[in-house]
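1. Structure of the sequence below:
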Amino acid sequence: SSLLAMSPSVLFAWIVPGLLLAAEAQTAAPYPCALRSNTSCDECLKNVTCLWCEPTSQCVDYPAGNILPPSSLCPLNDARWGVCWVNFQILIITMAVLAGVLIVSILVCCFCCCKCERIGLALFSAVYHFVCFSPNRRTEMQLRHDEIRQKYGLAKKNPYARMDDQ
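-> Now for the predicted structure:
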C-alpha cells in the first residue's frame, strides 16, 4: 500500500531499473517452473518464463498467450514477474499513467510547435507589412485627416498653432 501512495515518477524510478536489473540477471534456466513451487519468489523468478503467485507460493509458467495472467491462475495484486517486490497491479497502473503522460506530452509539444509556427508566420507577416508599407500608410492617413479638417473648416495655416488661436 505504501507503493500505491508514491507518485508515478518515483514508482517509475524504482520499477524500471529493478526490472532491467532483474531481466539482466535472469537467464532462461533449464528447469521447469513447477519444480520451483514452494521455494521462494527469488528462486522462481530466476527463470524469465516463470510467474510467482504470492499467496499460494506457486511458481508457474507465464501464460505467453495472454498479456496478463488470468485471475484463475493468480490475482494481479498477488502475481510477481521480473522482480518480487512489484506486483502486476502496480505495474499496470504505473505504466498506464506513464503512457498517458507521454501521449499528452507529445500532443502538447505537437500543438505548441504548430501553434508557434503559425504565430511566427503571422508575426513575420505583420512586421513585414509594418516596415514595408508604413510610410505609405502614414502619408495616406495624413492626407485623409487634412481633407476632413478642410471639410469642416478646421484646417490650420500654421500646423503648429493651437486650434483656438486661428
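2. C-alpha only now, for contacts and for neighbours.
-> Noted.
3. Regarding the chain, what is its longest helix?
-> Longest helix in the chain, counting residues (DSSP state H): helix 88-151.
4. Quick check: mean pLDDT of that one?
-> Mean pLDDT, computed over helix 88-151, is 80.
5. Show me what that helix is packed up against.
-> Other helices and strands packing on helix 88-151, by 3 or more CA pairs under 8 Å, 6 or more residues apart in numbering; DSSP states H and E, are helix 8-25, strand 79-81.
6. what about N158, which helix or strand?
-> Using DSSP states H and E, N158 sits in no helix or strand.
7. That one - how many residues pack around it?
-> Neighbourhood size, N158 [other CA atoms under 10 Å]: 9.
8. ok, now how distant is it from D146?
-> Going from N158 to D146 by CA to CA, to the nearest Å gives 13 Å.
9. just D42 next, same as before
-> D42 sits 93 Å away from D146, taking CA to CA as the criterion.
10. same check, this time on C113
-> Counting by CA to CA, the separation of C113 from D146 is 46 Å.
11. next one: C110
-> Distance of C110 to D146, given as CA to CA: 50 Å.
12. Wait, C33 touches C44, no?
-> Yes - counting by CA atoms under 8 Å, C44 is a contact partner of C33 at 6.7 Å.
13. which residues do these two both contact?
-> Common contact partners of C33 and C44 (CA atoms under 8 Å, 6 or more residues apart in numbering): C50, L51, C59.
14. if we can go back for a sec, now the longest helix of the chain: how far from the chain's centre is it?
-> Chain-centre distance of helix 88-151: 23 Å, with CA atoms, centre = their mean, to the nearest Å.
15. how many other residues sit next to E140?
-> Using other CA under 10 Å, E140 has 12 other residues around it.
16. Start the count at 13 instead of 1 going forward.
-> That works, and once the first residue is 13, the last one we named lands at E152.
17. ok, how many other residues are close to I104?
-> By the criterion of other CA under 10 Å, I104 has 13 neighbours.
18. OK, contacts around it?
-> By CA under 8 Å, 6+ apart, I104 has no neighbours at all.
19. D73 contacts T61, correct?
-> Yes - with contact defined as CA under 8 Å, D73 and T61 form a contacting pair (5.9 Å).
20. shared neighbours of those two, which are they?
-> Taking CA under 8 Å, 6+ apart as the criterion, D73 and T61 both touch C45.
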